[in-house]
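> sharing a sequence plus its predicted fold:
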Amino acid sequence: KTQVEQSPQSLVVRQGENCVLQCNYSVTPDNHLRWFKQDTGKGLVSLTVLVDQKDKTSNGRYSATLDKDAKHSTLHITATLLDDTATYICVVGAGTSGGNYKPTFGKGTSLVVHP
Amino acid sequence: EAGVTQSPRYAVLQEGQAVSFWCDPISGHDTLYWYQQPRDQGPQLLVYFRDEAVIDNSQLPSDRFSAVRPKGTNSTLKIQSAKQGDTATYLCASGTANTEVFFGKGTRLTVV
């Protein structure tokens, strides 16, 4: 059974539009949830991490929410750019420590931004 | 600061051939991870080290896969007798108890 479910599987938007990516999970523990951007040129890059029961974060054009009661997170990308074309991966786990990093990864949402 | 470096970036093999992947973690990071990411899937942990010791290799297919980190710095992941099902991107990551984890760009393996 998939423990971290992302939707949509793929998404196409025009440059300048906003988009929302969803992550539903059943993994425990869920101390933290992180969103990564993955593209072929730069590997996996962390966008934001959420840790509170009901959390919100903002990082430039990226903003994210987490509701641990609903086991649900969203990633909002505002005013998309061509460089936003990538796969966005939701990751849930016990902690963010690089010393014991064994979270569960989603399959990702493939985002394509057209001119 | 240099990031996690992996080589080669790409590899194409025929079934039955062997291949090795190399990872140079961020200096000072005692923990090193190898992940396998098949196409259209999320990464899955294969093995991880703390210094030179293997901490968890329960997901490493032991009959054909092996990983070493002899001096607690660089690491090599080797596949003996590759199969088409091994086609994936292999990601290396490093970190410490006081940092987050950082990923390399990966090695994309295709077995034909």
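Arrived safely.
> span of stretch B:61-79 from start to end?
Distance across stretch B:61-79, first residue to last, is 9 Å (Cα to Cα, to the nearest Å).
> who touches residue B:109 in this structure?
B:10-13, B:19, B:21, B:79, B:82, B:86-90 (Cβ atoms under 8 Å, 6 or more residues apart in numbering or on different chains). C-beta: built from backbone N, CA, C; applies to glycine.
> quick check: beta-bridge partners of the closest residue to chain A within chain B?
Nearest residue of chain B to chain A (Cβ to the nearest Cβ) works out as residue B:95 at 1.6 Å. Here residue B:95 sits in beta bridges with residue B:31, going by DSSP bridges.
> I'd say it and residue A:95 touch.
No. Taking contacts as Cβ atoms under 8 Å, residue B:95 lies outside contact range of residue A:95: 11.0 Å.
> ok, these two, which is more surrounded?
Comparing residue B:95 with residue A:95 by other Cβ atoms under 10 Å in any protein chain shown, the one with more neighbours is residue B:95, at 25 against 16.
> where does chain B dip in pLDDT?
By pLDDT under 70, the low-scoring segments of chain B are B:1.
> does the spatially most central residue of it count as helix, strand or coil?
Centroid-nearest residue in chain B: residue B:34, 3.4 Å away (criterion: Cα atoms, centre = their mean). Put simply, residue B:34 is strand when judged by DSSP: H, G, I helix; E, B strand; the rest coil.
> burial count for the nearest residue to it once chain neighbours are set aside?
Closest residue in space to residue B:34, ignoring its immediate chain neighbours: residue B:46 at 4.6 Å, by Cβ to Cβ, 6 or more residues apart in numbering or on different chains. Other residues within reach of residue B:46 by the criterion other Cβ under 10 Å amount to 20.
> first-to-last residue distance for stretch A:36-44?
Its start and end residues considered, stretch A:36-44 measures 6 Å (Cα to Cα).
> picking that back up, now do the contacts for the residue nearest to residue B:34.
Going by Cβ under 8 Å, 6+ apart, the list of residues near residue B:46 reads B:34-36, B:57, B:59-60, B:65, B:67, B:77.
> circling back: of the contacts of residue B:109, list those near chain A.
Near chain A, judged by Cβ under 8 Å from any Cβ of the partner chain, there are no entries from the contacts of residue B:109.
> just the buried members of those?
Among these, the ones that count as buried by 16 or more other Cβ atoms under 10 Å in any protein chain shown are B:11, B:13, B:19, B:21, B:79, B:82, B:86-90.
> for chain B, which residues are neighbours of chain A?
Residues of chain B found near chain A (Cβ under 8 Å from any Cβ) are B:4, B:29-31, B:33, B:40-45, B:48, B:50, B:56, B:91, B:93-106.
> any idea how far residue A:100 is from the residue of chain B closest to chain A?
9 Å (Cβ to Cβ, to the nearest Å).
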